[in-house]
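Novice: 3D model of this:
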Amino acid sequence: MRYYGIRFQKDYNDDGRASFFPVGYYSTVYLQTVSHFLIFGLGTLFNCLPLFRFSLPLRCAVLLFIFHSVPMKKILLLASLTALVASSAFALTASDNASNYGGGWTNGSNFGTGFAAWSLSNNDGGGSAPFAGNFIGDSTLGAGDINTGTSQSFGLYANPGAAESIAIRSFSTALSVGDQFSFDLGVNFNDGNKGFNLRTAGDSIFNFNVGGGASVSSDNATIDPGTGLGYDYGGNDVMIEAVLEVISLSSINYQISRTSSVGHQGILFSGTVTGIVGSIDNFQLYNTGTNGGDQNNLYFNNLLVVPEPDAYALLASLSALLFVMTRRRR
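Specialist: Coordinates of the predicted model:
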């Protein structure tokens, strides 16, 4: 029988009563169940096994090779491909900003998503020099506007001489190929040293430092510089964006850009870091040995980890194709 264009078949319950089911009902439920298993099960597998922590095109090639000689319905293959892309697209998403903390950014605090708790340390003298610590405050008091919420950014201060203030945070999961880590910095005066390290355990694999100018370096890998204007004094409204993208198990791309009313604008430093050993699992921000005043603080905000944008596009395309093929099967 048909009802509004849908074909039904008759079946009987245990008590003899007739029931009608859409043709293909059981097979549809079966396919949905298997598809869900593949999407979530294989997605988890590809993220958990280090063997599969490589780029999205290689992941697709591996899956197609595995299923090349295995007879299976197209819908299941597409579900598997969707799982593969999903494992890349949703491998890690993390975000946090200073407005999540109100006025209380303390050692061990942990807001936002995708990060572990903050480890904050300093050598403050407790009322006498050195003066060092951390705070939530308005970045425009000393640098450019990187605030969120009610004029809130993270801040580190350390003065004079041997004073230091350090903030370390781990990612909930180590960065994988295709992950892009970005955040904003607010800096002004160039005395002392202030900046950040991207790290594998306790080893810095990329450093950006402002002090008597600015530079990029690596203590435990190799810097391959690309294009960039270099750094000069940028005035009182400096905003710097740092973007670091994992391009292989042993290399990253970096880009440091600036907007301000004075000095070089646009990309200041860019290039590649190669020869990285170990998982990129944490980062460090620091301020050491500056003079006093808000213009010597290091401000930062808008911490974000996103997967490679192409993964979202491919996931959407595969999902659409899966939907179309499902419709054609009816």
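
Novice: Could you pull out the helices in the stretch 51-200 of the chain for me?
Specialist: Under the criterion DSSP state H, counting those that start in this stretch, the stretch 51-200 of the chain contains helices at 56-66, 74-89.

Novice: Now for Thr106, how many residues are close by?
Specialist: Per other Cβ atoms under 10 Å, the neighbour tally for Thr106 reads 10. Every C-beta, even on glycine, is put in place using the N, C-alpha and C of the backbone.

Novice: Ser95 too?
Specialist: 14.

Novice: show me what contacts it?
Specialist: Ser95 makes contacts with 112-114, 303-305, as judged by Cβ atoms under 8 Å, 6 or more residues apart in numbering.

Novice: which one of these is nearest Gly161?
Specialist: Gly161 has its nearest neighbour among the contacts of Ser95 in Leu303, at 29.7 Å by Cβ to Cβ.

Novice: which residues does the nearest residue in space to Phe196 that is not next to it in sequence contact?
Specialist: Counting by Cβ to Cβ, 6 or more residues apart in numbering, Phe196 lies nearest to Leu285, which is 4.7 Å off, once chain neighbours are set aside. Contact partners of Leu285, counting by Cβ under 8 Å, 6+ apart, are 154, 156, 166-168, 195-196, 298, 300.

Novice: Ranking by neighbours, what's the top pick from those?
Specialist: Leu298 (31 neighbours).

Novice: what's across from that residue in the sheet?
Specialist: When bridges are called by DSSP bridges, Leu298 pairs up with Leu156.

Novice: measure it to Ser139 for me?
Specialist: 10 Å (Cβ to Cβ, to the nearest Å).

Novice: shared neighbours of those two, anything?
Specialist: Residues touching both Leu298 and Ser139 (Cβ under 8 Å, 6+ apart) are 155, 186.

Novice: Show me which of the contacts of Leu285 is closest to Val216.
Specialist: The shortest approach to Val216 among the contacts of Leu285 belongs to Gly195, at 9.3 Å (Cβ to Cβ).

Novice: Count the residues that sit near the nearest residue to the closest one once chain neighbours are set aside.
Specialist: Nearest residue to Gly195, sequence neighbours excluded (Cβ to Cβ, 6+ apart): Asn209, at 4.0 Å. Using other Cβ under 10 Å, Asn209 has 18 neighbouring residues.

Novice: Quick one, grab the pLDDT at Asn209.
Specialist: pLDDT, Asn209: 98.
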